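1. generate coordinates for the sequence data below:
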Amino acid sequence: MNFENIDLKTYDLNTTYPEVTVTLDSLKQTDEKNYLNIISMIINAYAGNKSEYTAISQYIYQSFIVKKSYEKLHKILEYIAIKEMHHLEILSEILINLNVNPKYCKYIDYNPNICDNWCSNNIRYIKDIEKFLEYNISLETDAIKEYLRIIDATKNSNIKEVLNRIIQDEKTHIEIFKELLKDTKK
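-> Numbering: from 1, shown residues only. Below is the predicted model of the structure:
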């Protein structure tokens, strides 16, 4: 395992992210009866159990574990964590535009008044590289499913556009993790 065959430049999408323009008023117009559910789903994607915040923490933890033995893998995990940080920033911008405090929590029963704070127990402290790469693929797959659920639930075109762009990154992360996983089997 040397992970040297991964060139991150080949995975760079070089496409911009759509501007976040959604507001609470525009969301209420497009999703008048469903807007609180949409907000709850977004905050859960932001900082729920399997969220952007969790992915960042997961990948940074893994990068620390492998740093001494696998510098290239360490740098790749950091690179993906930074991409996830950008997603977190975009989701926080959406939440702020919706007049929601972007707390690190998951709403209980989609109620913004009942919040289960984010906890480090959301991280899987797996040291085995093959196992944590497999877990990362499932984490990215779950993120895509959650974004698709939000896209299906909302009629707001800006939210759909922004989340579709984030999904492109998540698919790329899966590709990278699959390539890394191939290296563990050599």
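
2. could you use CA atoms for every contact and neighbour count after this?
-> OK.

3. pLDDT (mean, whole number) over the host helix or strand of Ile176?
-> Using DSSP states H and E, Ile176 falls within helix 157-184. Taken as a whole, helix 157-184 has a mean pLDDT of 96.

4. by contact count, what packs against that helix?
-> helix 71-97, helix 129-153 (3 or more CA pairs under 8 Å, 6 or more residues apart in numbering; DSSP states H and E).

5. and those as TSV, adding distance to Ala55?
-> Converted to TSV, those look like this (distance: least, CA to CA, whole Å):
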stretch	distance to Ala55
helix 71-97	7
helix 129-153	7
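
6. buried stuff in the helix holding Ile176?
-> Across helix 157-184, burial judged by 16 or more other CA atoms under 10 Å covers 158-164, 166-167, 169-174, 176-178, 180-181, 183.

7. what's the angle from that helix to helix 129-153?
-> Angle, helix 157-184 to helix 129-153, by axes from the mean of the first three to the mean of the last three CA atoms, to 10 degrees: 160 degrees.

8. tell me how far helix 157-184 is from the chain's mean position?
-> Computed by CA atoms, centre = their mean, to the nearest Å, the chain-centroid distance of helix 157-184 equals 9 Å.

9. dump the residue contacts of the spatially most central residue of the chain.
-> Central residue of the chain (CA atoms, centre = their mean): Glu52, 3.3 Å from the mean position. Applying CA atoms under 8 Å, 6 or more residues apart in numbering to Glu52 gives the contacts Ala45, Tyr46, Glu84, Met85, His87, Leu88, Ala143.

10. distance check, it against Glu140.
-> Noted for Glu52: a distance of 9 Å to Glu140, by CA to CA, to the nearest Å.

11. pick the most deeply packed of the helices and strands packed on helix 157-184.
-> Most buried of the helices and strands packed on helix 157-184 by mean neighbour count (mean count of other CA atoms under 10 Å) is helix 71-97; its value is a mean of 20.

12. show me what the mean pLDDT comes to for whichever helix or strand comes after that one.
-> Next helix or strand after helix 71-97 toward the C-terminus (DSSP H and E): strand 105-108. The average pLDDT for strand 105-108 rounds to 78.

13. strand partners (parallel or antiparallel) of strand 105-108?
-> strand 111-117 (antiparallel) (DSSP bridges).
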